[in-house]
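Engineer: return a 3D structure for these sequence lines:
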Amino acid sequence: MHKSQWLAKLTAFSNELYQNQPIPERITLTPEEESQCRMIGGDFISWQQNNLSHILMERHALRIKRFDPEPIIVFTSTTPGLVAAKQIINHVQDDLNHIIYLPHDDFKQWEQNNPIEEMTFHIHQWSYFQGMSSDLMAMAAERHGAIAPRDLRVHITGELWGERCGMEQAHLWFWDGQELELLEESFSYIRF
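Structural biologist: Numbers count the residues shown, from 1 in each chain. Prediction:
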């Protein structure tokens, strides 16, 4: 599948998804979702300003792969992150017109149904909060046993810009009922 075909299919999927289930307005977020929205929005901006240029240079250096010099950026998240992405992208549309933002799980499913041979024309970046898996819960209990598990949150961030080229980190946060407080950055780290 060519870049233009893939983009057209993904755009149609995105449009249909948001027509059936629009991204809510920021004012409707719960206090915890609002805090997550700020964290994910900051992470999204930081990634655009700091990480993306390094990724593009690495892709350029690996000429044998024939990476597209103007890749599509697919940002995936959960509701708080999608609210942040929508606000950010709508605010600076001219600079970020090559970005599509989608729910993380929906994009993963779409990707399975629309496979490509090589990841040469897009970059996938993700940032979202999720529940604690049993493995992460065991690590958290060992390192931060004084904190009740119900108050722990995991922020997953990552990027994939080529076959086995990328990383994913889990950051551990404490939710005090009003604000998120970072307990441990890169609590878990995976390099693809």
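Engineer: and the next element down the chain from the lowest-mean-pLDDT helix or strand in the chain?
Structural biologist: Lowest by mean pLDDT, DSSP states H and E among the helices and strands of the chain is helix 134-143, with a mean of 82. The element immediately downstream of helix 134-143 (helix or strand, assigned by DSSP states H and E) is strand 152-162.
Engineer: list the buried residues for the helix or strand that that following strand is followed by?
Structural biologist: Heading C-terminal from strand 152-162, the first helix or strand you meet, by DSSP H and E, is strand 165-175. Neighbour-count burial for strand 165-175, counted by 16 or more other CB atoms under 10 Å, picks out 165-166, 169-175. Heads up, the C-betas are built off the backbone N, CA and C, glycines and all.
Engineer: what does the lengthiest helix in the chain contact?
Structural biologist: For the chain, the longest helix by residue count, based on DSSP state H, is helix 3-20. Here helix 3-20 makes contact (CB atoms under 8 Å, 6 or more residues apart in numbering) with 1, 68, 72, 74, 100-103, 106, 110, 114, 116, 121-122.
Engineer: what's the lowest-pLDDT member of those?
Structural biologist: Of all the contacts of helix 3-20, Met1 carries the smallest pLDDT score, 78.
Engineer: apart from its neighbours in sequence, what residue is nearest that one?
Structural biologist: Distances taken as CB to CB, 6 or more residues apart in numbering place Ile116 nearest to Met1, at 5.5 Å, with adjacent residues excluded.
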